[in-house]
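Q: just need the structure, nothing else, for what follows:
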Amino acid sequence: MAITIQNYIKLANFYNEMTRVLSAICVEKGGISLENYVGRFFAADCLEYIVEYGNRLKKSGEQINAETLNVMNLFEKQFENVKHLVTPNQKPIYEMTIEEFEKIMNI
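A: Model prediction:
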């Protein structure tokens, strides 16, 4: 995927729509909180990808309008709150201790 503002906007729209669907799922499952829904890990991984995509877009030197920059900043702030939920990419699950696994899985 070429790093472009148009692709970033598509990713941002996807994430926003996905969060609406996750909220609806939580309501349908009896009103569970998003913090207790297993899909929160997937959402955190998606947000991590979008934030990194935005960082690469900024480094590319492409002209980014103020509205898009505001969205990028908002996603970065949101990511700070959920970055402990992302799938680890440094150490595979089978190499983790039980304590590390429990921490990652928020058990």
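
Q: grab the most central residue of this protein for me.
A: Nearest residue to the geometric centre of the chain (C-alpha atoms, centre = their mean): residue 47, 1.7 Å.

Q: OK, contacts around the nearest residue to residue 19 once chain neighbours are set aside?
A: Closest residue in space to residue 19, ignoring its immediate chain neighbours: residue 43 at 6.6 Å, by C-beta to C-beta, 6 or more residues apart in numbering. Bear in mind the C-beta positions are built from the backbone N, C-alpha and C, glycine included. With contact taken as C-beta atoms under 8 Å, 6 or more residues apart in numbering, residue 43 is in contact with 15, 18-19, 22, 82.

Q: what of residue 103?
A: Applying C-beta under 8 Å, 6+ apart to residue 103 gives no contacts.

Q: now it, what's its secondary structure?
A: helix (DSSP: H, G, I helix; E, B strand; the rest coil).

Q: distance of it relative to residue 22?
A: Per C-beta to C-beta, to the nearest Å, residue 103 is found 23 Å from residue 22.

Q: check residue 3 too.
A: Residue 3 is 26 Å from residue 22, by C-beta to C-beta.

Q: please apply the same query to residue 36.
A: Distance from residue 36 to residue 22, by C-beta to C-beta: 12 Å.

Q: neighbour-wise, which of the two wins?
A: Counted by other C-beta atoms under 10 Å, residue 36 and residue 22 do not tie: residue 22 has more neighbours, with 16 against 10.

Q: ranges for the helices of the chain?
A: Ranges of helices within the chain are 5-28, 40-59, 66-82, 98-104, based on DSSP state H.
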